[in-house]
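Asks: Build me a model from this:
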Amino acid sequence: MGALSVTAVCALSVPAPARAASPSPAPSSAGDGTGSTSLPPIPLSLGDDAPCTAASNRTAGAATRAQQSLSLPNAWQLSRGGGITVAVVDTGVSDKAPALSGRVTAVGDAAADCVGHGTFVAGLVAAAQTSGTDVHGVAPGARVLAVRGTDERGTASAERVADGIRAAVDNGAQVITVSAALTTGEAELTAAVRYATEHQVLVVAAAAPDIRPRSGEAAAQYWPASAPGALSVVGVTADGSVLASAASVTGADLAAPGGPVVGIGPRGSGHYIAAGSSAAAALAAGAAALVRAYHPDLTAAETAERLTGSAAPTGGAPRLDPYAAVSMVPPGSAPRAAAPSTAPLHLPEVSTAPQDRALLAAGAMALLMLVVAAAVVVIPRGRARGWRPPN
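Replies: Alright, predicted model coming up:
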């Protein structure tokens, strides 16, 4: 973004069936041999005279293979992100998006999103599944805080992003996802991330721009992702390959699906497609929401450590695993269990008086029966003898 921001113009294909969301003409297909149908790309920024991003007239039946690899239903058995607010520092987030209905709060005018990229990112974080599609965000129970990190046309600057991070902290976010990856602003962006970490807010940032820089302009570090305390996330494809736009980046903390990914837009119920580390950061921010909801006592640093420590090892940055991040038992610890008592076992004293009385009664009854039996035999004989002793 920033000086690197340009409008995406090429369509990417979705490896899942898609259908028209309205009678409007559908975009041309970009078949990949599987019968997939293309979705419109979500732009990163708009030209000065360009209209706002139009509603998509295509709806994907399912997310891409990269997104499905996160196996979110497993994580949702434990957490859906309820009670957590994720700030999206981007082009704004439309509060009219059906999949985010009732869960968007905005700072200033950030509820208006002409470009659409911020709404797309927010959908990757927290979109709820809507009728007729299996596309959803990582943390569908979380709330979204819309914060501008760009101007209305989508151009980011270090000052806007830094102000956006601080505003997100001041407005109650527990997790912040930042789409911009800038080559300038190290000092002010580092200070903004420090402000967030001091307030136990985790900043998740794209490790690289979504558009591959021109030859000779690629950098090894971008900001705020390289700031101490930020969780730097690089986008990878379904097979684990780093996206071309992030090829120059080294030292990312985490890898997550970055392309292609399917998501929502600022208008209508149709879907768009995109590729980039900003999408990967959004998915990781959603996973952070799952973790913070399930483990509310964790600090921002501990949340980041859980995400990286539970990730699948690869040749580069470890691969995000939301279920493992939520359910992992850290090394050296064990599930909570009741501690065994070392005190001697004392049984309560039991009185034997009732038992003694019962035995006495039984004995008396037996004796009485013997006396009666003897009488039955002896008395008739005595009468027959006239009660005289035998000779």
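
Asks: Could you name the specific helix or strand carrying V169?
Replies: Assigned by DSSP states H and E, V169 belongs to helix 158-170.

Asks: What segments of the stretch 1-150 of the chain are strands?
Replies: 12-13, 18-20, 38-39, 58-60, 85-90, 104-106, 143-148 (DSSP state E, counting those that start in this stretch).

Asks: Deepest in the core, which of these is it.
Replies: strand 85-90 (a mean of 31; mean count of other Cβ atoms under 10 Å). All C-beta atoms are positioned from the backbone trio N, CA, C, and that covers glycine.

Asks: between that strand and strand 143-148, how many degrees?
Replies: Calculated by axes from the mean of the first three to the mean of the last three Cα atoms, to 10 degrees, strand 85-90 forms an angle of 30 degrees with strand 143-148.

Asks: okay, the angle between strand 85-90 and helix 158-170?
Replies: Going by the same axes, to 10 degrees, strand 85-90 makes 170 degrees with helix 158-170.

Asks: Give the partner strands of strand 85-90 in its sheet and their orientations.
Replies: strand 143-148 (parallel), strand 175-178 (parallel) (DSSP bridges).

Asks: want to try a markdown table for these, with mean pLDDT and distance to A75 as columns?
Replies: Shown next, in a markdown table, are those (pLDDT from 0 to 100; distance: least, Cβ to Cβ, whole Å):
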| stretch | mean pLDDT | distance to A75 |
| --- | --- | --- |
| strand 143-148 | 98 | 18 |
| strand 175-178 | 98 | 15 |
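
Asks: Output these in TSV; the columns should cover distance to S241.
Replies: Shown next, in TSV, are the strands paired with strand 85-90 (distance: least, Cβ to Cβ, whole Å):
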stretch	distance to S241
strand 143-148	30
strand 175-178	23
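
Asks: what about those, which gets the closest to G268?
Replies: strand 143-148 (18.0 Å; Cβ to Cβ).

Asks: okay, how far is it across stretch 51-67, tip to tip?
Replies: Distance across stretch 51-67, first residue to last, is 30 Å (Cα to Cα, to the nearest Å).

Asks: For that stretch, which residues meet the burial criterion?
Replies: For stretch 51-67, burial by neighbour count (16 or more other Cβ atoms under 10 Å) applies to 52-53, 55-64, 66-67.

Asks: Which single one of those is nearest to G132?
Replies: When the buried residues of stretch 51-67 are compared against G132 (criterion: Cβ to Cβ), the nearest one is T59, at 6.7 Å.

Asks: residue contacts, D134?
Replies: 61-63 (Cβ atoms under 8 Å, 6 or more residues apart in numbering).

Asks: and L367, what pLDDT?
Replies: Note for L367: predicted pLDDT of 56.

Asks: ok, the nearest residue to G286 once chain neighbours are set aside to A75 distance?
Replies: Leaving aside its chain neighbours, G286 sits nearest to V138 (2.7 Å; criterion: Cβ to Cβ, 6 or more residues apart in numbering). From V138 over to A75 the distance is 8 Å, taken as Cβ to Cβ, to the nearest Å.

Asks: How far off centre is the helix holding V169?
Replies: Remark: helix 158-170 is offset 23 Å from the chain centroid, using Cα atoms, centre = their mean, to the nearest Å.

Asks: got it, and stretch 229-246?
Replies: 18 Å.

Asks: What's the end-to-end length of it?
Replies: Stretch 229-246: ends 20 Å apart by Cα to Cα.

Asks: ok, back up a step: would you list the buried residues of stretch 51-67 in CSV and tack on pLDDT?
Replies: As requested, the buried residues of stretch 51-67 are exported to CSV (pLDDT from 0 to 100):
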residue, pLDDT
C52, 97
T53, 97
A55, 95
S56, 95
N57, 93
R58, 93
T59, 92
A60, 93
G61, 90
A62, 88
A63, 86
T64, 88
A66, 85
Q67, 90
